[in-house]
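> coordinates only, sequence not included:
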């Protein structure tokens with residue numbers, strides 16, 4: 001405390017100057033309209049600029065929350081769109097409950113781990129059994145394209161066996177003629193932007209640019225766009241067709257897991273087939 005008083009007494013002239021200078025500025029601004037206006041405008045500009053920068057920082061920090069809410073909203077909209085696409089147009093019906101009686105609903109999830117450089121790639125998402133996720137559920141992209149199938153599930157997380165996996169096989173059709181085939185990846189060329197469709201009968205005429213869509217089997221609703229033919233039918237024995245995928249696996253941040261209300265009924269029925277053959 002003694003040192004403080006010594007410091008103040010030694011530099012008292014300087015402190016008095018600061019005090020009188022500050023008082024003089026305040027009195028000048030207060031008693032002169034021009035200086036008062038200039039000071040007020042300058043202060044408003046500085047404060048406004050500071051608030052603008054602060055708001056930019058807040059918006060940046062809230063981007064994650066905004067993205068989550070948008071993903072949830074998009075999931076609801078895509079659920080309604082899928083429901084509309086699967087309406088039987090040959091019948092006239094009034095749908096009173098579009099939540100509990102529709103076949104498909106979507107659950108949005110954030111990708112927290114993603115691999116694209118392996119022979120069997122896996123994605124980890126932040127949704128699990130607590131969100132109703134189950135093994136073998138189909139997974140699609142928020143934009144266009146398909147992702148794969150749920151492989152393992154815990155209460156808070158799930159892993160997805162993606163299309164970029166040699167074990168993944170998805171039933172698809174050619175949009176223009178409904179010819180059925182099987183979508184696979186790899187075939188000796190592990191390009192994350194390409195896949196192959198096999199088992200398309202030779203009598204179907206195919207062109208570069210034809211769109212490939214899901215057939216409605218395996219948990220995917222019918223009509224989900226997968227990609228476009230990039231090369232004509234090869235000379236290989238299986239007549240495989242190279243396609244350019246719509247989905248970019250290297251930039252995935254969100255996915256939609258598809259709940260199929262009728263999946264268990266279909267699975268139970270299909271397990272009876274081997275005994276009848």
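Here it is on my side, so go on. Remember, predicted model here, so these are calculated numbers, not experimental data.
> in terms of helices and strands, where is the nearest residue to residue 166 once chain neighbours are set aside?
Closest residue in space to residue 166, ignoring its immediate chain neighbours: residue 186 at 5.3 Å, by Cβ to Cβ, 6 or more residues apart in numbering. (Each C-beta comes from the backbone N, C-alpha and C, glycine too.) Assessed by DSSP states H and E, residue 186 sits outside every helix and strand.
> sec struct for residue 19, please.
Look at residue 19: counting by DSSP: H, G, I helix; E, B strand; the rest coil, its state is helix.
> separation between it and residue 11?
Remark: distance between residue 19 and residue 11 (Cβ to Cβ, to the nearest Å) = 12 Å.
> returning to what we had before: find me the pLDDT at the residue nearest to residue 166, would you?
We note a pLDDT of 71 for residue 186 in this prediction.
> just the one 3 residues further on next, same as before
Residue 189 carries a pLDDT score of 63 in this model.
> residue 101 now?
pLDDT at residue 101 comes out at 54.
> run through the helices of the chain in chain order.
Applying DSSP state H to the chain gives helices spanning 2-10, 12-31, 33-61, 63-85, 263-270, 273-276.
> ok, of those, where does mean pLDDT dip lowest?
helix 273-276 (a mean of 56).
> can you list the domains in this structure?
Annotated domains of the chain cover 2-60, 104-261 [automatic domain parsing].
> tell me, how many residues neighbour residue 251?
Neighbourhood size, residue 251 [other Cβ atoms under 10 Å]: 8.
> do you know how far it is from residue 272?
42 Å.
> do you know how far the closest residue to residue 115 other than its chain neighbours is from residue 17?
Using Cβ to Cβ, 6+ apart and skipping residues adjacent in sequence, the residue nearest residue 115 is residue 121, 4.6 Å away. To residue 17, residue 121 is 72 Å away according to Cβ to Cβ.
> what do you get for residue 204?
Counting by Cβ to Cβ, the gap from residue 204 to residue 17 is 94 Å.
> kindly report the same for residue 110.
Here the distance between residue 110 and residue 17 works out to 60 Å (Cβ to Cβ).
> flag the shaky bits of the stretch 151-277 of the chain, pLDDT-wise.
Low-confidence segments of the stretch 151-277 of the chain, defined by pLDDT under 70: 187-189, 234-239, 270, 273-277.
> more crowded one of residue 110 and residue 17?
residue 110 (16 against 11).
> the residue nearest to that one when sequence neighbours are not counted: neighbour count?
Excluding the flanking residues, the one nearest residue 110 by Cβ to Cβ, 6+ apart is residue 126, at 4.9 Å. The number of residues packed near residue 126 is 15, by other Cβ under 10 Å.
> read off the pLDDT value for residue 126.
For residue 126, the pLDDT comes out at 91.
> for residue 123, same thing?
pLDDT at residue 123 comes out at 92.
> report the beta-bridge partners for the closest residue to it other than its chain neighbours.
Closest residue to residue 123 apart from its sequence neighbours, by Cβ to Cβ, 6+ apart: residue 160 at 4.3 Å. Taking DSSP bridges, one obtains residue 123, residue 150 as the residues bridged to residue 160.
> gap between residue 160 and residue 141?
12 Å.
> what's the overlap in contacts for the two?
Overlap of the contact sets of residue 160 and residue 141 (by Cβ atoms under 8 Å, 6 or more residues apart in numbering) consists of 147, 255.
> ok, those two, which is more surrounded?
Using other Cβ under 10 Å, the more surrounded residue of residue 160 and residue 141 is residue 160, with 28 against 19.
> wait, that one touches residue 148, no?
Yes: between residue 160 and residue 148 a contact is recorded at 5.1 Å, counting by Cβ atoms under 8 Å.
> list residues touching both of these two?
Residues touching both residue 160 and residue 148 by Cβ under 8 Å, 6+ apart: 123, 139.
> re the thing from before, can you name the residues that contact the residue nearest to residue 115?
So, once contact is read as Cβ under 8 Å, 6+ apart, residue 121 ends up touching 114, 115, 162, 164, 165, 249.
> so how many other residues sit close to residue 3?
7.
> from residue 112, how far out is it?
Applying Cβ to Cβ to residue 3 and residue 112 gives a distance of 57 Å.
> ditto for residue 30
With Cβ to Cβ as the criterion, residue 30 and residue 112 are 58 Å apart.
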